[in-house]
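Participant: Please find the sequence and the predicted model below.
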Amino acid sequence: MKEELNKKLKEAGEEKRALDKVYSTVAAFRLVIFLLAVVLLYMSVHNHSMLMLLFFIALTVVFIYLVKLHNDLDDKLLGIKARTAVINRYILRLGTGWKTFKENGNEFLNKNMTMAHDLDLLGPASLYQLISVAHTDMGKKKLAETITLERDNSKNIDKRYEAIAELSENRDFLIDFESASERIVEIREKDKLKSTGFFDDVDENEQEEAVKDDKPIETFPAWIYLLMVLVPVINIVAIVMVLSGGMNPARILVSFILGLILTWGPQAVTEKLSAPVKAYGSVAQDYLKLLSLISSQTFKCELLKGIHERVSSRDGLLPAIKKLGTIGTFYNISYNPIVHMVLSGFLAWDYYIALATFRWNKKNSTVFDDSIEIISDVEELSSFAVLPLVRRSVKPDVSFDYSDIKLSMDKVYHPLLDTDTVVSNSAVIEDKLNVITGSNMSGKTTFLRTVAINMVLAFTGSSVCADGFSVPYMKIFTSMRVMDDVSGGISTFYAEILRIKEMAEYVQSDPEVPALCLIDEIFKGTNSADRIVGASEALTKLSAGKSLVMVSTHDFELCELKRDDGTEARNYHFEEYYEGSSLKFDYTIKDGRCTTRNAIAILKMAGLVQN
């Protein structure tokens, strides 16, 4: 995989170097043409020469063409930059560099999302940060909802797995699709830097919301039609009269300034009419590419066929976006202040853009809402398709038969740990109450998180990080990173009680879907005597219903727990070993209770205990 990605990276670099040379040549030639055009304009006015004026007009057309060509090359370079960034992110995912990615889903994380906090589903160094290829706001939101299991996919697990697996096999599509989406972000950033006028100091979302929420102009103002004719006519008359010798050449400047006043005076109206092209015009070609990529694919699975059908069955979707892209190309010329001024003063350019946009919007106002919905669905599925490309994974077996609640895992490992050092574990957890003991830093908590995060992946329809993974569909509860709430007057101990209370209430409600309760260092916030009594009562209650409980602890007394029916808790443990005076861990789960301790050894390593 890495070799293939490096090859693609090299090809992108070679293409960029070739384009850079052409880009520089066009820029230099454009400057020369501009200077020649200025000289010819001066000479045509000064000498009253119609021939020189015609040459000026010809050079002006060439200059505008070069501006467009330069912009096209700039767009291509931007596309290569986006593609390079996408490929680099895949390479970084193969190691630990993915933890530097800007997008980590932190904006969707709140303090009440305990499972997301405990399992690193969102936020820094999270599952979201590892796999996300979403660039639209809707795509990011859908991915966050799926990862945290807020979006219930239990009825579509198999269908989603087929779609995700098919996408993961089509690497070129994944890279091309994300590159086009990434390019939209790059263009948005560029537009923010060069944008002036109605949308100053607002971001892309505010622009799009302005398009949606602002009351539209229902009828194109008749006075604009008048000015669209009047401004060019005034300038043509002035130029002809100057060239015929009947008027002072300064009159051309006067008519030009008058044209600017008439064009830019009602700017609030023209900006409102042009809002859709301002919000979407610069990225319309990229939306078109994204949808065309979907439309051109021949998908096999049901979900992807459905997405393909939504693109191809929507009458006029692709042509409408293509047309706005064309309008956007002409609108983008206005980002060159000199060209924009010339076109506005002589031709009332902004009015023509406003008219074209108004006519487009009357017919196609919902096109981009539909497009973003489709694109976000592909982004969400594509994000999960990343995992099998960068991690050893397997299709999970998720059962809805609750006659035998059992977790069967073969060489399961944590997807967020370094692939060079992560340790796999195999286990069959079939007892209702499971107590895990072990030395400090030996792997108890990591094992609980490994089980849980792979179950989350399984329930989203994704592959899981294991050689084999068979589990029932369950409601996952976690109590791991329990934090106090000073402002709310809640201690760490009470916060943990509230979490376990939530588990107990769910288990006692006789739910259809059984609970998986994962508790790390139960009641560590209180004294040992109360902790053992409280933990015994709580674990007995949790394991009495339709549930499977896994708890880690340093309290060996909990190893002897019995459920209400007299069934003994099943014991597992992790342990350390020594190489000379060095403390080592194999991070491997074993049957039975732990028989070793290492707290003093760790204190010695820290220099806090001498003997």
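Facilitator: Happy to help now that I have it.
Participant: if I look at S179, how far off is L433?
Facilitator: Per CB to CB, to the nearest Å, S179 is found 50 Å from L433. Glycine gets a C-beta too; all of them are placed from N, C-alpha and C.
Participant: got it, and S334?
Facilitator: 70 Å.
Participant: tally of neighbours for the closest residue to F447 other than its chain neighbours?
Facilitator: Counting by CB to CB, 6 or more residues apart in numbering, I589 is the residue found nearest to F447 once chain neighbours are left out, at 5.8 Å. By other CB atoms under 10 Å, 21 other residues sit near I589.
Participant: I589 contacts A427, doesn't it?
Facilitator: Yes. Using CB atoms under 8 Å, I589 is in contact with A427, at 5.5 Å.
Participant: ranges for the helices of the stretch 301-450 of the chain?
Facilitator: For the stretch 301-450 of the chain, helices defined by DSSP state H, counting those that start in this stretch occupy the ranges 302-312, 317-332, 337-347, 349-364, 367-390, 444-459.
Participant: Beyond the helix or strand of the chain with the lowest mean pLDDT, next helix or strand please.
Facilitator: Least confident helix or strand of the chain, by mean pLDDT, DSSP states H and E, is helix 204-213 with a mean of 50. Using DSSP states H and E, the next helix or strand after helix 204-213 towards the C-terminus is helix 222-243.
Participant: Give the other helices and strands that that following helix contacts.
Facilitator: Where contact means 3 or more CB pairs under 8 Å, 6 or more residues apart in numbering; DSSP states H and E, helix 222-243 is packed against helix 2-46, helix 50-93, helix 250-264, helix 337-347, helix 349-364.
Participant: most neighbours per residue, which of those helices?
Facilitator: Burial of the helices and strands packed on helix 222-243 is given as mean neighbour count (mean count of other CB atoms under 10 Å); helix 349-364 ranks first at a mean of 20.
Participant: Now do that helix against helix 250-264, angle only.
Facilitator: 30 degrees (axes from the mean of the first three to the mean of the last three CA atoms, to 10 degrees).
Participant: How far does helix 349-364 sit from its chain's centre?
Facilitator: Counting by CA atoms, centre = their mean, to the nearest Å, helix 349-364 is centred 31 Å from the centre of its parent chain.
Participant: what does that helix contact?
Facilitator: 216-217, 220, 224, 227-228, 263-264, 267, 269-270, 273-277, 281, 316, 320, 323-324, 327, 330-331, 334, 340, 343-344 (CB atoms under 8 Å, 6 or more residues apart in numbering).
Participant: do stretch 306-319 as well
Facilitator: With CB under 8 Å, 6+ apart, stretch 306-319 has contacts from 288, 291-292, 294-295, 297, 299, 363-364, 367, 370-371, 374, 377-378.
Participant: For ChimeraX, write the selection for the buried entries among the residues you listed.
Facilitator: Here is the ChimeraX command that picks out the buried ones among the contacts of stretch 306-319, judged by 16 or more other CB atoms under 10 Å:
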select :288,291,292,294,297,299,364,367,370,371,374,377,378
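Participant: Widest-spaced pair of the contacts of stretch 306-319?
Facilitator: Greatest spacing in those, by CB to CB: F299 and K363 (29.2 Å).
Participant: contacting residues around I429?
Facilitator: Contacts for I429 (CB under 8 Å, 6+ apart) come out as K406, L407, M409, V451, L548, M550, R570.
Participant: Give me the pLDDT value at the fourth one.
Facilitator: We have a pLDDT of 97 for V451.
Participant: Equivalent analysis for the first one, please.
Facilitator: Listed pLDDT for K406 reads 94.
Participant: what's the nearest residue to it once chain neighbours are set aside in contact with, if anything?
Facilitator: Spatial nearest neighbour of K406, chain neighbours left out: E430 (4.1 Å); criterion: CB to CB, 6+ apart. Neighbouring residues of E430 by CB under 8 Å, 6+ apart: D404, I405, K406, L407.
Participant: how close does E430 get to Y161?
Facilitator: 24 Å.
Participant: again with C465
Facilitator: Applying CB to CB, the value for C465 to Y161 is 15 Å.
Participant: Neighbour count: those two, which is higher?
Facilitator: C465 (26 against 21).
Participant: Next up, the contacts around the more buried one.
Facilitator: Contact analysis of C465 by CB under 8 Å, 6+ apart lists L387, R391, R392, S393, V412, Y413, H414, P415, N454, L457.
Participant: is it true that the first one touches L457?
Facilitator: I take that to be L387. Yes. Between L387 and L457 there is a contact under CB under 8 Å: 7.3 Å.
Participant: Give me the common contacts of these two.
Facilitator: P415, S463, C465.
Participant: what pLDDT does the nearest residue to the first one once chain neighbours are set aside get?
Facilitator: What that stands for is P415. Spatial nearest neighbour of P415, chain neighbours left out: C465 (4.6 Å); criterion: CB to CB, 6+ apart. The model reports C465 with a pLDDT of 97.
Participant: From R449, how far off is C465?
Facilitator: Distance from C465 to R449, by CB to CB: 12 Å.
Participant: re earlier: most neighbours among the contacts of C465, which one is it?
Facilitator: Within the contacts of C465, neighbour counts (other CB under 10 Å) peak at N454, which reaches 26 neighbours.
Participant: Could you pull up the residues touching it?
Facilitator: Shown in contact with N454 (CB under 8 Å, 6+ apart): P396, M409, V412, P415, V464, C465, A466, F469.
Participant: Please repeat the previous calculation with a cut-off of 7 Å.
Facilitator: Shown in contact with N454 (CB atoms under 7 Å, 6 or more residues apart in numbering): V412, V464, C465, A466, F469.
Participant: Identify, from those, the entry nearest to M138.
Facilitator: Closest to M138, out of all of these and judged by CB to CB, is V464, at 26.4 Å.
Participant: where's the closest one relative to N434, distance?
Facilitator: 20 Å.
Participant: The two: which is more packed in?
Facilitator: Between V464 and N434, counted using other CB under 10 Å, the more crowded position is V464 (29 against 21).
Participant: Pull up the gap between that one and V394, please.
Facilitator: 6 Å.
Participant: Tell me the residues that contact both of C465 and R449, please.
Facilitator: Once CB under 7 Å, 6+ apart is applied, the residues that C465 and R449 both contact turn out to be H414.
Participant: Which residue ranges of the stretch 501-611 of the chain form helices?
Facilitator: Using DSSP H, counting those that start in this stretch, helices in the stretch 501-611 of the chain cover 528-542, 599-605.
Participant: and those helices, which one is worst for confidence?
Facilitator: Across those, the lowest-scoring stretch is helix 599-605, with a mean of 58.
Participant: coming back round to it: among the contacts of E430, which one lies nearest to K21?
Facilitator: L407 (59.2 Å).
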